[in-house]
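[1] How does the following fold in three dimensions:
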Amino acid sequence: MTSVSRPLLVTHGGRFHCDEVFAYAVLRLALGLHAPGHDHTLLRTRRPEPIESADIVWDVGGRFDAARGRFDHHQRGAPLRPDGTPFSSAGLIWQVHGPAAVAALLPAEAAAFSAAIASGLDDTLVRRIDEIDNGVSPAGPVRSDPFGLPGLIGEFNPAWDDPAAGGPDAGDAAFLEATAFAAGMLRRRVEAMRARHAAEAAVLAAHRDGADPRLLVLEQGMPWKTVVHDHALPVLLTVSPASNGNWMLDTVPPEPGSFAQKLPLPEAWAGLPDAELAAASGVPDAVFVHLRRFVAAARSRAGAIAMAEKALAAG
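    Sure thing, here's the model as predicted:
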């Protein structure tokens, strides 16, 4: 940015859309900016003078030049994604500032996931903003979704008969409200993706360190089925703690979403009450096996592992 003290950020005034709102949320995160008027100035205008002198301009100005902080996509020759999808200002800003925005939302111990999360968001959320803003995708014309992020952001615009819809500052306060909403959504999406990457790393480490590749023992409850399928792990049973203090024994479906099991639990255990189950299984603290034989429980980690080992031996 060219200004030293307080950078000037410019986008167009009037009715706003998801792409420029999301882009502003990304910029504030990536550049460490806070409320306008404190450490930077946000101006929503189409006047050429402030557009020319601004540090960063997006969705207005008729220029794309990332090195000079210009991120418009309405002009002829505006950049496209490799598959031909037109960028919106959100997509253009994301290519330059998205990774830094993600990094700003992650704790230091999750920094290794930053690039993968930024790429994943670009492939899904940011691309979708681009498609809806431009009305096209590789599959053809795009229909807007009133319950998707662009539709929800649009609802922040003042109604036609709202006094806030007119005057030189029309929609400015609503734009900031919409930005806070977009930033909150992005924060939650990054956290969800961080958690998935952390679970993947933990599952792979637990499987690598396990004594039997058919048995996955986790010391904390976490999503594991997608990891097992994505990495084609030879896992048949998983042991993990439950929130009620028990330890769960889960079977593995043959494919995502299936209610079948690669290895059902022993039929002789199915649906038995505690004492009968303990006797039938030979595990004193066994407390439950579902009648459909896809999940079981014991009071201890050792008990759940013993049930798993017996099920593997019987299978």
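
[2] where do the strands sit along the stretch 201-315 of the chain?
    Using DSSP state E, counting those that start in this stretch, the strands of the stretch 201-315 of the chain run over 215-217, 237-241, 247-251, 286-289, 295-298.

[3] Columns distance to residue 312 on top of those, output as JSON lines?
    Just so you know, the C-beta spots here come from the backbone N, C-alpha and C atoms, and that holds for glycine as well. Shown next, in JSON lines, are the strands of the stretch 201-315 of the chain (distance: least, C-beta to C-beta, whole Å):
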{"stretch": "strand 215-217", "distance to residue 312": "7"}
{"stretch": "strand 237-241", "distance to residue 312": "7"}
{"stretch": "strand 247-251", "distance to residue 312": "11"}
{"stretch": "strand 286-289", "distance to residue 312": "15"}
{"stretch": "strand 295-298", "distance to residue 312": "13"}
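
[4] closest to residue 271 out of those strands?
    strand 286-289 (6.9 Å; C-beta to C-beta).

[5] Which elements pack onto that closest one?
    Packed against strand 286-289 by the contact rule (3 or more C-beta pairs under 8 Å, 6 or more residues apart in numbering; DSSP states H and E) you find helix 274-281, strand 295-298.

[6] mind listing what it pairs with, with the direction of each?
    Here strand 286-289 is paired, per DSSP bridges, with strand 295-298 (antiparallel).

[7] Could you pull out the buried residues of the strand it pairs with?
    Of all the residues in strand 295-298, those buried under the rule 16 or more other C-beta atoms under 10 Å are 296, 297, 298.

[8] same question, stretch 248-264
    For stretch 248-264, a neighbour-count test (16+ other C-beta under 10 Å) marks 248, 249, 250, 251, 252, 253, 261, 262, 263 as buried.

[9] Tell me what the fourth one is bridged to.
    Under DSSP bridges, the beta-bridge partners of residue 251 are residue 237.

[10] State the distance from it to residue 103.
    Per C-beta to C-beta, to the nearest Å, residue 251 is found 39 Å from residue 103.

[11] Run a quick neighbour tally on residue 244.
    Residues within reach of residue 244, counting by other C-beta atoms under 10 Å, total 7.

[12] Output the helices and strands packed on strand 286-289 in JSON lines; the columns should cover mean pLDDT and distance to residue 110.
    Shown next, in JSON lines, are these (pLDDT from 0 to 100; distance: least, C-beta to C-beta, whole Å):
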{"stretch": "helix 274-281", "mean pLDDT": "96", "distance to residue 110": "40"}
{"stretch": "strand 295-298", "mean pLDDT": "98", "distance to residue 110": "31"}
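
[13] Now that we have those, can you turn them into JSON lines and tack on distance to residue 150?
    Shown next, in JSON lines, are those (distance: least, C-beta to C-beta, whole Å):
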{"stretch": "helix 274-281", "distance to residue 150": "53"}
{"stretch": "strand 295-298", "distance to residue 150": "40"}
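
[14] which one of the strands of the stretch 201-315 of the chain lies closest to residue 231?
    strand 215-217 (11.3 Å).

[15] helices or strands next to that closest one in the packing?
    So strand 215-217, by 3+ C-beta pairs under 8 Å, 6+ apart, packs with helix 172-209, strand 237-241, helix 301-314.

[16] Just name the most buried of these.
    Sort those by mean neighbour count, taking mean count of other C-beta atoms under 10 Å, and strand 237-241 sits at the top with a mean of 22.

[17] Poorly predicted segments of the stretch 151-300 of the chain, please.
    Across the stretch 151-300 of the chain, nothing is flagged by pLDDT under 70.

[18] Against residue 50, how distant is the residue nearest the centre of the chain?
    Residue closest to the mean C-alpha point of the chain, counted by C-alpha atoms, centre = their mean, is residue 189 at 3.3 Å. With distances taken as C-beta to C-beta, residue 189 is found 32 Å from residue 50.

[19] Please name the bridge partners of residue 40.
    Beta-bridge partners, per DSSP bridges, of residue 40: residue 36.

[20] show me the contacts for it.
    For residue 40, the contact set (C-beta atoms under 8 Å, 6 or more residues apart in numbering) comprises 6, 7, 8, 9, 31, 33, 34.

[21] Farthest pair within these?
    Going by C-beta to C-beta, the pair spanning the contacts of residue 40 furthest: 8 and 34, at 15.2 Å.

[22] Excluding chain neighbours, what is closest to residue 126?
    Once flanking residues are discounted, residue 126 sits nearest to residue 94: 4.7 Å by C-beta to C-beta, 6 or more residues apart in numbering.

[23] What count of nearby residues applies to the one you found?
    So residue 94, with other C-beta under 10 Å, has 27 neighbours.

[24] Residue 75 belongs to a strand?
    No. With DSSP: H, G, I helix; E, B strand; the rest coil as the criterion, residue 75 is assigned coil and is not in a strand.
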